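> build me a model:
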Amino acid sequence: MTVTTGLLPAQRQGQLWSARAVDWASYQEAQNFQVHTEVLGRLPKIVGQRLLDVGCGAGLFIRRAAKHGATVWGLDAASGLVAIARNRVPDADIRVGDMEALPYANQMFDIVTGINTFDLAGDPLTAVEEAHRVLKPGGALVAVTMGSPDDSAAPRVLLAAAPLQPRDGSSRLGPFAFSAPGALSRLAEAGGFAEPVEYDVHATWEYDDEASLLRGLLSSGPLVRAVAHSGSYAVTSAVLEASEAYRTPAGGYRLENSFRYVMAKA
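Numbering: from 1, shown residues only. So this is what the prediction gives:
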């Protein structure tokens, strides 16, 4: 099985996601709180387990996993997000690194999670194989991706800015590479995992006003890249136009979204 997303190398991804790391941590990361809750509730055993979160971002998920009793590690390509995660979870081992070359020993962890992570890899199969390598036999993989753009508001908003990115093929599939039913399971099996089971989960993204919507959405790597290429005005205008359908009577925004995740055994 050969899978490529056409995305940028880890170093460049890290630069993009670091650019507005504070806004991501303050306005956007918690929008997936419902996804985190679902994943933590689905894991059959977490107390005392060694958990690695690949693409840990600003550390919100590993902080919650630690409160559930796990011993946590985190890795992300974005040094700006890692700095915030280290402050949030000071006792954790959180590193800047590449998910396609994990800096950990074989069979080191009981659980590896990747929340909207593996679809950002240049070679997702290599990233999943690395997750398999560092898991103990029988350990659990949890990989989360966005659901179909047809089922969610956020993808429609994010895709509105896609034409404003450089046309170099580097965002050909992006976060929807594994949105189709069965795609994550096939990726996990190709990476050496067994017994994959897929689940769907809903998450509502809510913003109090236009300013918080923009600070949240424009903190993501793809939109940072779009702004660098086409300018802030063009990207802001595209995002606001696409978001108008989700404005609430109080002047905020409410985006209903679907996510899909797979659980599989090493």
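
> remind me which residues of the stretch 1-150 of the chain are low pLDDT?
Within the stretch 1-150 of the chain, the stretches with pLDDT under 70 are 1-8.

> residue contacts, the residue nearest to residue 68 when sequence neighbours are not counted?
Leaving aside its chain neighbours, residue 68 sits nearest to residue 46 (5.0 Å; criterion: Cβ to Cβ, 6 or more residues apart in numbering). (C-beta placed from N, C-alpha, C; glycine too.) Residues near residue 46 by Cβ atoms under 8 Å, 6 or more residues apart in numbering: 40, 65, 68, 69, 70, 111.

> got the contact list for residue 77?
10, 11, 13, 14, 17, 55, 96, 97, 98, 99.

> inside helices: which ones of the residues you listed?
Per DSSP state H, helices hold the following members of those: 10, 11, 13, 14, 17.

> now a ChimeraX select for only the buried ones of these.
To isolate the buried members of the ones in helices among the contacts of residue 77 in ChimeraX, using 16 or more other Cβ atoms under 10 Å:
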select :10,13,14,17
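
> one step back: tell me which of the contacts of residue 77 is nearest to residue 105?
residue 97 (13.9 Å; Cβ to Cβ).

> the residue nearest to residue 68: which element?
Per DSSP states H and E: residue 46 is located in neither a helix nor a strand.

> number the chain from 5, please
From this message on, residue numbering opens at 5, which makes the last subject residue 50.

> can you report phi and psi for residue 211?
Backbone geometry at residue 211, expressed as degrees, to the nearest 10, gives phi -130, psi 140.

> what do you get for residue 265?
phi -140, psi 160.

> and it, what pLDDT?
Looking at residue 265, its pLDDT reads 97.

> with adjacent residues omitted, what lies nearest to it?
Nearest residue to residue 265 in three dimensions, chain neighbours excluded: residue 148, at 4.1 Å (Cβ to Cβ, 6+ apart).

> surely that neighbour is in contact with residue 118?
Yes: between residue 148 and residue 118 there is a contact under Cβ atoms under 8 Å: 6.8 Å.

> what about the strands in the stretch 5-154 of the chain?
Secondary structure of the stretch 5-154 of the chain by DSSP state E, counting those that start in this stretch: the strands cover 54-58, 75-80, 97-100, 113-119, 139-150.

> the following helix or strand past the longest one - contacts with which helices or strands?
Note on strand 139-150: by DSSP H and E, the next helix or strand toward the C-terminus is helix 158-163. Applying 3 or more Cβ pairs under 8 Å, 6 or more residues apart in numbering; DSSP states H and E, one finds that helix 158-163 makes contact with helix 236-247, strand 257-269.

> quick check: mean pLDDT of helix 158-163?
Mean pLDDT, helix 158-163: 89.

> output that helix in PDB with nothing but the alpha carbons.
Only the C-alpha atoms of helix 158-163 are listed here, as PDB (Å, rounded to 0.1, in the frame of the first residue of the first chain):
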ATOM      1  CA  ALA A 158     -15.500  23.400   9.400                       C
ATOM      2  CA  PRO A 159     -14.100  21.700   6.200                       C
ATOM      3  CA  ARG A 160     -16.300  23.900   4.100                       C
ATOM      4  CA  VAL A 161     -14.800  27.000   5.800                       C
ATOM      5  CA  LEU A 162     -11.200  25.700   5.600                       C
ATOM      6  CA  LEU A 163     -11.600  24.600   2.000                       C
END
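
> from the chain's centre, how far out does that helix sit?
15 Å (Cα atoms, centre = their mean, to the nearest Å).
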